[in-house]
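Just the structure for this:
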Amino acid sequence: MAAAEVMHRRQGTRYAQVFAAVSMPMSELIKVRDELRAFAAERDWDQFHSPKNLASALAVEAAELLDPFQWLTEEQSRNLTEKQLAAVKDRHASTRKPDALALR
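Numbers count the residues shown, from 1 in each chain. Down below sits the predicted model:
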């Protein structure tokens, strides 16, 4: 059972739907990661992928995902309205997932 399914069964909330919508089989993640590494290598981007730069980029991406939850209570974050759920999904879609997947 996927982690998103466990979360959904345990919490029974719309919040868990966000994670279910973005889950992907590990083999697919590995394929995407490898394609991203090749893409970066072709452009000689490794020179910019220092531990500091990668950690900074990851923190920025995480902050973008956290933004819709910033001022919600714990209870509100577990029971998102349709509008809030759409905002979280939009934020996730706009977050550059390739940056995080390219971490080695």
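
buried residues in stretch 58-77?
P68, F69, S77 (16 or more other CB atoms under 10 Å). Every residue, glycine included, has its C-beta placed from N, CA and C.

Compute the first-to-last residue distance for it.
22 Å (CA to CA, to the nearest Å).

Same check on stretch 38-58?
Termini of stretch 38-58 sit 20 Å apart (CA to CA).

measure L29 to Q76 for me?
31 Å (CB to CB, to the nearest Å).

Test my guess that P68 contacts A86.
No - P68 sits out of contact with A86 when judged by CB atoms under 8 Å, with a separation of 9.7 Å.

Now do the shared contacts for these two.
Counting by CB atoms under 8 Å, 6 or more residues apart in numbering, P68 and A86 have no contacts in common.

what about this structure, any weak spots by pLDDT?
1-23, 94-104 (pLDDT under 70).

all helices of it, in order?
3-11, 15-22, 26-42, 51-66, 74-78, 82-94, 97-101 (DSSP state H).

Report all helices and strands that the fourth one contacts.
This means helix 51-66. Helix 51-66 makes packing contacts with helix 82-94, helix 97-101 when contacts are defined by 3 or more CB pairs under 8 Å, 6 or more residues apart in numbering; DSSP states H and E.

Send me the first one as PDB with only the CA atoms.
Which is helix 82-94. In PDB, the C-alpha atoms belonging to helix 82-94 read as follows (Å, rounded to 0.1, in the frame of the first residue of the first chain):
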ATOM      1  CA  GLU A  82     -11.800  22.700  -2.700                       C
ATOM      2  CA  LYS A  83     -10.300  26.100  -3.300                       C
ATOM      3  CA  GLN A  84      -7.400  25.400  -0.900                       C
ATOM      4  CA  LEU A  85      -6.800  22.000  -2.400                       C
ATOM      5  CA  ALA A  86      -6.700  23.500  -5.900                       C
ATOM      6  CA  ALA A  87      -4.200  26.000  -4.700                       C
ATOM      7  CA  VAL A  88      -2.000  23.300  -3.200                       C
ATOM      8  CA  LYS A  89      -2.200  21.300  -6.400                       C
ATOM      9  CA  ASP A  90      -1.400  24.400  -8.500                       C
ATOM     10  CA  ARG A  91       1.600  25.200  -6.300                       C
ATOM     11  CA  HIS A  92       2.800  21.600  -6.600                       C
ATOM     12  CA  ALA A  93       2.400  21.700 -10.400                       C
ATOM     13  CA  SER A  94       4.300  24.900 -10.600                       C
END
